[in-house]
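Visitor: Build me a model from this:
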Amino acid sequence: MNNEIKDTVKYNKELFIELTIFQFYKKWWMRWLTMGGIFCFFFIVAYLFGYNPLQFHQFPYFALFYVLGVLAFPFFIKRMARHRIKDSVLFQQEIQMGFTASGISIAYPNFEKSISWSQLNKIVEHRKAWLFYGTAQSFFYFPKELLSKEQSSQLKEWITSSSKLA
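Guide: Next comes the predicted model:
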């Protein structure tokens, strides 16, 4: 097996947006918010068809705004991600990423940083990429398509061995 996995990454806009939406919907509060929106949707439909279990005398506007908020939230996330890509110089540059048993090295044209596995907040395997969280909210990713099967298994081994050490 290799002692190091190294490749150059140019951030893919669509993949970053997909991973940002994945990050938000993976959180438990977002799941409950969505379930509440679905509940409010059915509540509004029941009200419109004459079934009014809570005996509202006026239209339940709170439920309507809740549903609209839940439906609009993914669009706001996409817009936020697009602005982040557009405004950030880092997303326009190529990034040299390397993985070893001790951690990750990231190199931009004028910046270089090494991060040990224990310094990462968490690591998530998505179907298209590995997400490495420096904090609970910010992540950088490495597309899985750049890894061979051998490299992918080596990376998984390094990640699991580092989680046993921590």
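Visitor: okay, CA-based contacts and neighbour counts for the rest of this
Guide: OK.
Visitor: Name the SS class of the residue nearest the centre of the chain, please.
Guide: Nearest residue to the geometric centre of the chain (CA atoms, centre = their mean): Q23, 2.6 Å. Using DSSP: H, G, I helix; E, B strand; the rest coil as the criterion, the local structure at Q23 reads helix.
Visitor: same thing with D7?
Guide: Per three-state DSSP, D7 ends up strand.
Visitor: mind checking the longest helix of the chain?
Guide: helix 61-87 (DSSP state H).
Visitor: For that one, enumerate the helices and strands it packs against.
Guide: helix 13-26, helix 28-48 (3 or more CA pairs under 8 Å, 6 or more residues apart in numbering; DSSP states H and E).
Visitor: just the angle between that helix and helix 13-26, please?
Guide: Using axes from the mean of the first three to the mean of the last three CA atoms, to 10 degrees, one finds that helix 61-87 and helix 13-26 are set 140 degrees apart in direction.
Visitor: circling back: so the residue nearest to the centre of the chain versus K113, what's the distance?
Guide: 24 Å (CA to CA, to the nearest Å).
Visitor: Please apply the same query to T100.
Guide: Counting by CA to CA - T100 and K113 are separated by 13 Å.
Visitor: cool, S102 as well?
Guide: The value you get for S102 to K113, if CA to CA is used, is 13 Å.
Visitor: Likewise for Q119?
Guide: Q119 is 12 Å from K113, by CA to CA.
Visitor: before we move on, what about M35?
Guide: 41 Å.
Visitor: same check, this time on Q93
Guide: 16 Å.
Visitor: who's more crowded, those two?
Guide: Regarding Q93 and K113, a neighbour count based on other CA atoms under 10 Å identifies Q93 as having more, with 13 against 10.
Visitor: Now that one. Nearest residue, chain neighbours left out?
Guide: Spatially, and ignoring its direct neighbours in sequence, Q93 is nearest to K10 (6.6 Å; CA to CA, 6 or more residues apart in numbering).
Visitor: my read: that neighbour touches M97, true?
Guide: No: look at K10 against M97 with CA atoms under 8 Å: they stay out of range, at 10.5 Å.
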